[in-house]
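Student: turn this into a model:
(3 chains)
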Amino acid sequence: MVQITNDHFSITQISRSGQCFRMNELTQEKAGTVAVVAFGKYLELHQDDNRIFFDCTQEEYDCIWKNYFDMETDYAEVIRGIDAADMYLVSAAAFGAGIRILHQELWEMIISFIISQQNNIKRIRKCVQLLCEKYGEQKEAKNGVVYYEFPTPDALSKASIEDLYACNLGYRSRYIYETANAVVHKEIDLESLSALDYEAANKELLKLCGVGKKVADCICLFALHKTEAFPRDTHINKVLAAQYPNGFPFEKYGGNSGILQQYLFYYDLEHKEAVQES
DNA sequence: CATCAGGCGAGAC
DNA sequence: GTCTCGCCTGAT
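Tutor: Numbers count the residues shown, from 1 in each chain, chains lettered A, B, ... in the order given. Just a heads-up that it's a prediction; the model follows:
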């Protein structure tokens, strides 16, 4: 068990922000605990106020999870950089202050965000889980929990479009089929993407079938950690139209724009519900 | 029953 | 280049 203290870390907010579709709350026996599968490992973590408990060795934390959860970034500093006159952004950041931009796996993000289009978080999670169970490698954690790795491009490319339809992917089945085959046939080299800057990486990703501007930006932000990427979905477009009629001040926030996008997105997504429930 | 969900591709112009 | 439209499926 590794214990970390951090005032800007919330497993609930990270899970609900919807950037990670393989993070689940363990509701039955371990309330308040979240499980995540990434980089071949299964991790359970829980939180008590600003103390976070990672159920793993110190070595595993240092090698994988410290980077995965972006623990070295000072989110308080990002929030301090917000224009105090921008009341909406100040409120959004206060509401979502525990969100972190994860360093997720590239291939998984490509497929996950193709699935995400015209879709909701609940159904996306179900689709991803089905894909993992059907085409991913089965493993067992030290505590006996059985989990599945995200399927490799090779494994996914062996699925027919009909097979993919059976995973409730709908019209996105063809996109995933085409994309998996494009990657297997080296029409795009995923390995070299992380070395590119935001503009170049984004342009490469647009070559993939089913990847447009919005999905490419999500991949840049959540896998390549290009924090200047600012994905524009229906929520964000609504917020921009209502709160920033003269445009969002990208010139002011630059490389932190993507983090602020997550605050704006999460605020719009969850704030109304939070108000209703209280 | 209609509408919409964290859009995209294809085709028309 | 910009616009429109159809699209799987489940929730409301």
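
Student: please report the distance of the closest residue in space to residue A:227 that isn't next to it in sequence from DNA strand C.
Tutor: Among residues not flanking residue A:227 along the chain, residue A:258 sits closest, at 4.3 Å (CB to CB, 6 or more residues apart in numbering). The way it works is simple: take the backbone N, C-alpha and C, and place the C-beta from them, glycine included. According to CB to the nearest atom of the strand, to the nearest Å, residue A:258 and DNA strand C sit 23 Å apart.

Student: for residue A:258, what is the enclosing helix or strand?
Tutor: helix A:257-277 (DSSP states H and E).

Student: got the domain ranges for chain A?
Tutor: Following automatic domain parsing, one gets these domains for chain A: A:2-72, A:106-222.

Student: re the thing from before, just to check, the residue nearest to residue A:227 is in contact with residue A:226?
Tutor: Yes - assessed by CB atoms under 8 Å, residue A:258 is found in contact with residue A:226 at 7.1 Å.

Student: for the closest residue in space to residue A:65 that isn't next to it in sequence, give the beta-bridge partners.
Tutor: Of all residues not flanking residue A:65 in the chain, residue A:54 sits nearest, at 5.7 Å (CB to CB, 6+ apart). Residue A:54 forms beta bridges with residue A:2, residue A:45, as assigned by DSSP bridges.

Student: okay, residue A:54: pLDDT?
Tutor: Note on residue A:54: pLDDT of 98.

Student: just residue A:25 next, same as before
Tutor: You'll see residue A:25 listed with a pLDDT of 85.

Student: quick one, what contacts it?
Tutor: A:12, A:15, A:33-34 (CB atoms under 8 Å, 6 or more residues apart in numbering).

Student: likewise residue A:259?
Tutor: Shown in contact with residue A:259 (CB under 8 Å, 6+ apart): A:75, A:78, A:99, A:101, A:227.

Student: now, the most widely separated pair of those residues?
Tutor: Distance extremes for the contacts of residue A:259: the farthest pair is A:99 and A:227 at 12.4 Å, using CB to CB.

Student: would a markdown table of the domains of chain A with distance to residue A:244 be doable?
Tutor: Converted to a markdown table, the domains of chain A look like this (distance: least, CB to CB, whole Å):
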| stretch | distance to residue A:244 |
| --- | --- |
| domain A:2-72 | 20 |
| domain A:106-222 | 17 |
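
Student: so which of those domains is nearest residue A:266?
Tutor: Of all those, domain A:2-72 sits nearest to residue A:266, with 4.9 Å by CB to CB.

Student: quote the end-to-end distance of the closest one.
Tutor: End-to-end distance of domain A:2-72 (CA to CA, to the nearest Å): 16 Å.

Student: and stretch A:224-237, does that touch DNA strand B?
Tutor: Yes - under the criterion of CB under 7 Å from any atom of the strand, DNA strand B is reached by stretch A:224-237 at A:231, A:233-235.

Student: which ones among those residues map onto helices?
Tutor: A:234-235 (DSSP state H).

Student: how about the helices in the stretch 51-200 of chain A?
Tutor: Taking DSSP state H, counting those that start in this stretch as the criterion, the stretch 51-200 of chain A contains helices spanning A:58-60, A:66-68, A:75-80, A:87-95, A:106-115, A:121-135, A:153-157, A:161-165, A:172-184, A:190-193, A:198-205.

Student: do you know which of those lies nearest residue A:246?
Tutor: Comparing those by their distance to residue A:246 (CB to CB), the top pick is helix A:87-95, with 13.4 Å.

Student: for residue A:89, see how far away the residue of the stretch 51-200 of chain A at minimum distance from DNA strand C is.
Tutor: In the stretch 51-200 of chain A, the residue that lies nearest DNA strand C is residue A:170 (2.3 Å; CB to the nearest atom of the strand). Using CB to CB, to the nearest Å, residue A:170 is found at 35 Å from residue A:89.

Student: ok, these two, which is more surrounded?
Tutor: residue A:89 (23 against 14; other CB atoms under 10 Å).

Student: go ahead and confirm the more buried one touches residue A:83.
Tutor: Yes - the criterion here is CB under 8 Å, and residue A:89 meets it with residue A:83 at 7.1 Å.
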